[in-house]
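Chemist: Below are the sequence and a predicted model for it; my questions follow.
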Amino acid sequence: MDCMVANTGLEDFGNKLRQLRKARGLTLSALATQSGITKGYLSKIERSSPPPFSTLQAIASSLGVEVGSFFGTQSEKPTSSNLEIHVPRSDSWQRSENLGGYSFLPLLQSYKSKYLSPFLMSIKPGATAYFKHDGEEFLYVLDGHVELEYEGRRHALQQGSAIYLDSRIRHRFHNSTQKTAQMLAVNFAYRRF
């Protein structure tokens, strides 16, 4: 299983973010204030690929849009307000790159008013950047082997391993193999943006 799919528009991500920001009459400084993300980092995001998922959620919330709007994903029209069926089209799937050793694929079109944020993660060989974000996180290894560094210890995970953690505590992943590992990640946010 591989969520590292063809790059079909990542170069447009920064342009899409810039267009959404300008359509709302926001400067980089104003968006920085609203999102809690520095102006310099926002500028870098607009010039390159998507940021980590938790950062992307904060930006989307500040712009009043869904995370999926950055990726061109589509959902079936819900039959009730309690159901969303997400059917990503293979020609519009996006992946993020250069995020410090990993990439992600959102699994929902809309994250608004939802406490859970599911996505696929690809962990490249090497170590990821450190993560620390509000909420709790559930991870399930779909393919490969990784180690989770958490509270100063490393925990070996392999296909079929599951782990639940407090994501407010700094953590990262190590992939000492030559094969990209795939994980299902579900974040629970205490605060809805």
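Modeler: Perfect, I can see it now. Numbering: from 1, shown residues only.
Chemist: For this protein, just list every one of the strands.
Modeler: In order along the chain, the chain carries the following strands (DSSP state E): 102-106, 116-123, 126-127, 136-143, 145-150, 153-158, 162-166, 171-175, 181-188.
Chemist: Tell me how far L42 lies from S122.
Modeler: 24 Å (Cβ to Cβ, to the nearest Å). Every residue, glycine included, has its C-beta placed from N, CA and C.
Chemist: The strands of the chain into CSV, with extra columns for mean pLDDT and distance to N15?
Modeler: Converted to CSV, those look like this (pLDDT from 0 to 100; distance: least, Cβ to Cβ, whole Å):
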stretch, mean pLDDT, distance to N15
strand 102-106, 79, 18
strand 116-123, 87, 22
strand 126-127, 92, 29
strand 136-143, 96, 30
strand 145-150, 97, 33
strand 153-158, 96, 36
strand 162-166, 96, 35
strand 171-175, 94, 30
strand 181-188, 92, 27
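Chemist: sorry, back to before: higher neighbour count, L42 and S122?
Modeler: Taking other Cβ atoms under 10 Å, L42 and S122 do not tie; S122 has more neighbours (26 against 23).
Chemist: and the more buried one, bridged to which residues?
Modeler: For S122, the beta-bridge partners are S103, Q182 (DSSP bridges).
Chemist: so who does the residue nearest to the spatial centre of the chain touch?
Modeler: By Cα atoms, centre = their mean, the chain has its centre lying nearest to F53, at 2.5 Å. F53 sits next to 67, 104, 106, 117, 119, 185, 187 when contact means Cβ atoms under 8 Å, 6 or more residues apart in numbering.
Chemist: what does A32 give?
Modeler: A32 neighbours (Cβ under 8 Å, 6+ apart): 38-39, 42.
Chemist: how far away is the nearest residue to K114 once chain neighbours are set aside from Y115?
Modeler: Of all residues not flanking K114 in the chain, L108 sits nearest, at 7.2 Å (Cβ to Cβ, 6 or more residues apart in numbering). Distance, L108 to Y115, using Cβ to Cβ: 12 Å.
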